[in-house]
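[1] With the sequence up front, the predicted model follows.
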Amino acid sequence: MKFKKLCTYIAGLLTACLPLASALAVDLPAVDDPEVMDRVVAQRMLPISMTAPVDTGTLLLSDSPEYADGDGILYGDMVSGDVRLYFYHVNQHPYNRKIVAMLYNPHPYPLEAVLQGYQYTRPSTDYYQVGKELSTMYYEGNMTVNKITVPAHNYAVVGQRLNETVVRPDQLFSGIVNVSLPEPMILSSMILPPQEDPVAFIRKQQYLASDSVQLRGTFHGKDRYLSTLIPYSTDSGIGYILLADGVWDRFLQGRDVMDNRASEDTGNYGVDYTIHLRTTGNGDVHLYFNPQGGEYAGVTELIYSDPQRGEDKKIVELPRHRHSMGLNDPYAMEYVDTFPAGTDMTIRIMPPGAANLPVRFLVVPDNKLQPIREAVQAERTAKEKRAAAAAEAAKRKAAYKDTTIQPEAELQSDNQGEFTSLKDRLAKLQQKDKK
C-alpha cells in the first residue's frame, strides 16, 4: 500500500515538473536565432577531413567578357562526352540582344546530341537574384532528355527558348546547358541582335576577346564529388567543410582556346558539388552556411537517404528571407537544417556567377549548440530583469516627485485666497465646533 502511494506521489511530481521543463525548453532561443548564430560562428572549430575531389565531365565557362558590348562568339571549344555550358553575361549594348548556345558538327555525317536539360533566368539588372534563381531552377528542374540532330558540317541551336529570350540593355542573362555529345563537336555561346538567325550569324565567325578578369575556358570537372574521410562524430565538436578557397578545395585548371592561354575557374563557378556527409554520435546535428568571400545569394539541395522510404530532398535558399548575405561580413550565417546523428546525407551546391567565394558549411552538434542557446537566454533574462528594475526605480522616483510637489500645490492654492489672520482662523474653527 505504501509502495503504491509512493509511486502515485512520484508520478504526480513528474507530471508537475513536465510543464516547467517544457517552458524552460520553449524559452530557449531558436537554432536560427541571429544572436545564437553570431556566437556559433565565433566558436573554436576544426575542418572535417574530406576525401580527394573526384571531378567528372567537362565544363565550358563563358563569363568573359562579362559585359559584352560587341556581337559574336563569347566562348566555344570542341568537346565530347558529358558537357556543361555555363554562361553569365550582361548586355552592354545600347540595344536589345539575345544570347544563345550553338553546336557545330565537323564530321561528314550527321550526329545526334542529347540535350539533358537546360535552365536560364529571366534577364535582370539584379545580379544576385539571377544567381539564386538559376540555382533554384537547376536543382528543381526535371531533367527532360531531348535529341538534337546536327547536320554534317553544319550548326544547330541548343535550346530554342534561348533563341526567343530578349535581353535588354544592362540586363544580366545566365543559363546552364547540359549535353551529351557522342563525338567531338564545337559547343559555343554567342550574343547577337534578336532578329538575326543564329545559324546564319555564327558563320561570320566573329570572336569576342575576353576582359581583364579572363574568367572563361574549358575545364575538366563540371561535377565534383567529396566525402567525409571518416564519419563526423558529435564528440569531435564543431566542424566545417570549406569550399572553393583555392587551397583546401582547389580551383579548376583549364585552357581558354580562344585566347590560347591557361585559365583558372576562380570560384569554381558552374561546378555542381556533391558532398557526402556521414555522421555518428548522439543527439541532433545542426547545419549552417557561412559565406566568407563576400556577398552571396544561392541555394543548396539536401538529400537524406532512408533505406525504407527512399530519398528525401529539400532545397534551402541561402539566405531564406533576405536578398543576399555576407556583404562586408565574413561571419554571416544562415541556418540550413537539423538532422539526427547517425544520418548519412548529401549536400549539393553550385557557386552562382554573382556569388563570392569561399564558403563553409558548419556542422554543429547539439551538445555544443545547447550551452550557447542557454547563455544567450540567460543574458536576455538578466537584461530584462535589469530593464524591469530600472523601470521600477523610475516609477518610484516619479511617485516620490509627485508626493513632494503636491503640498506645494496645496500651499499655492491656499495662498490664492484672501489673507486671514490667526485670530480669524481660530474663530472659524470654534464656529465649526459649535455646529
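    Received it, and whenever you're ready, just let me know what you need. Keep in mind the model is a prediction, meaning the values are calculated, not measured.
[2] From here on, just use CA atoms for contacts and neighbour counts.
    OK.
[3] right, and D38 touches Y331 too?
    Yes - in this structure, D38 is within contact of Y331 by Cα atoms under 8 Å, at 7.3 Å.
[4] Mind checking which of those two has more residues around it?
    Y331 (19 against 14; other Cα atoms under 10 Å).
[5] sec struct for that one, please.
    coil (DSSP: H, G, I helix; E, B strand; the rest coil).
[6] so what's it up against?
    Shown in contact with Y331 (Cα atoms under 8 Å, 6 or more residues apart in numbering): 38, 41-42, 290-292.
[7] so what are the domain limits for this protein?
    Per automatic domain parsing, the structural domains of the chain span 28-56+219-413, 65-209.
[8] Between its first and last residues, how far does the shortest one reach?
    In domain 65-209, first residue to last residue: 7 Å (Cα to Cα, to the nearest Å).
[9] could you give the mean pLDDT of it?
    Mean pLDDT, computed over domain 65-209, is 96.
[10] what number of residues lie near E384?
    Neighbours of E384 (other Cα under 10 Å): 12.
[11] Kindly apply the preceding question to K314 instead.
    12.
[12] quick revisit: could the contacts of Y331 go into CSV alongside pLDDT?
    Output for those, formatted as CSV (pLDDT from 0 to 100):
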residue, pLDDT
D38, 97
V41, 98
A42, 97
N290, 98
P291, 98
Q292, 97
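[13] Same list (those residues) but as TSV, adding distance to K314 and secondary structure.
    Below are these laid out as TSV (distance: Cα to Cα, whole Å; DSSP: H, G, I helix; E, B strand; the rest coil):
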residue	distance to K314	secondary structure
D38	25	helix
V41	24	coil
A42	28	coil
N290	19	strand
P291	20	strand
Q292	24	coil
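[14] Now list the buried members of the residues you listed.
    Listed as buried from the contacts of Y331 are 41, 290-292; burial here means 16 or more other Cα atoms under 10 Å.
[15] Just give me the closest of those to V199.
    Closest approach between the buried ones among the contacts of Y331 and V199, by Cα to Cα: P291, at 41.7 Å.
[16] now the helices: where do they sit in this protein?
    2-27, 34-40, 127-140, 160-163, 198-202, 366-415, 422-434 (DSSP state H).
[17] gap between the fifth one and the chain center?
    On the basis of Cα atoms, centre = their mean, to the nearest Å, helix 198-202 is displaced by 39 Å from the centre of the chain it belongs to.
[18] Would you mind putting the CA coordinates of stretch 306-322 into PDB?
    Only the C-alpha atoms of stretch 306-322 are listed here, as PDB (Å, rounded to 0.1, in the frame of the first residue of the first chain):
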ATOM      1  CA  ASP A 306      16.200   6.400 -46.000                       C
ATOM      2  CA  PRO A 307      16.500   2.600 -46.800                       C
ATOM      3  CA  GLN A 308      12.700   2.200 -46.300                       C
ATOM      4  CA  ARG A 309      11.300   5.500 -47.700                       C
ATOM      5  CA  GLY A 310      14.000   6.200 -50.300                       C
ATOM      6  CA  GLU A 311      15.400   9.700 -50.800                       C
ATOM      7  CA  ASP A 312      14.000  12.800 -49.200                       C
ATOM      8  CA  LYS A 313      15.100  16.100 -50.900                       C
ATOM      9  CA  LYS A 314      14.800  19.700 -49.900                       C
ATOM     10  CA  ILE A 315      16.100  22.900 -51.400                       C
ATOM     11  CA  VAL A 316      17.200  25.700 -48.900                       C
ATOM     12  CA  GLU A 317      17.700  29.300 -50.000                       C
ATOM     13  CA  LEU A 318      20.900  31.000 -49.000                       C
ATOM     14  CA  PRO A 319      19.700  33.200 -47.500                       C
ATOM     15  CA  ARG A 320      16.000  32.400 -47.000                       C
ATOM     16  CA  HIS A 321      14.400  35.800 -46.100                       C
ATOM     17  CA  ARG A 322      16.900  38.300 -47.400                       C
END
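[19] Residues contacting it, please?
    132, 136, 139-140, 289, 296-305, 324-325, 334, 336.
[20] 10 Å - rerun?
    132-133, 135-136, 139-140, 289-291, 296-305, 324-326, 332-337, 343-349 (Cα atoms under 10 Å, 6 or more residues apart in numbering).
[21] of those, buried ones?
    Buried residues within the contacts of stretch 306-322, defined by neighbour count using 16+ other Cα under 10 Å: 132-133, 135-136, 139, 289-291, 296-304, 324-326, 332-336, 343-349.
[22] List the residues that contact L226.
    With Cα under 10 Å, 6+ apart, L226 has these contacts: 50-55, 241, 249, 273-277, 346-347.
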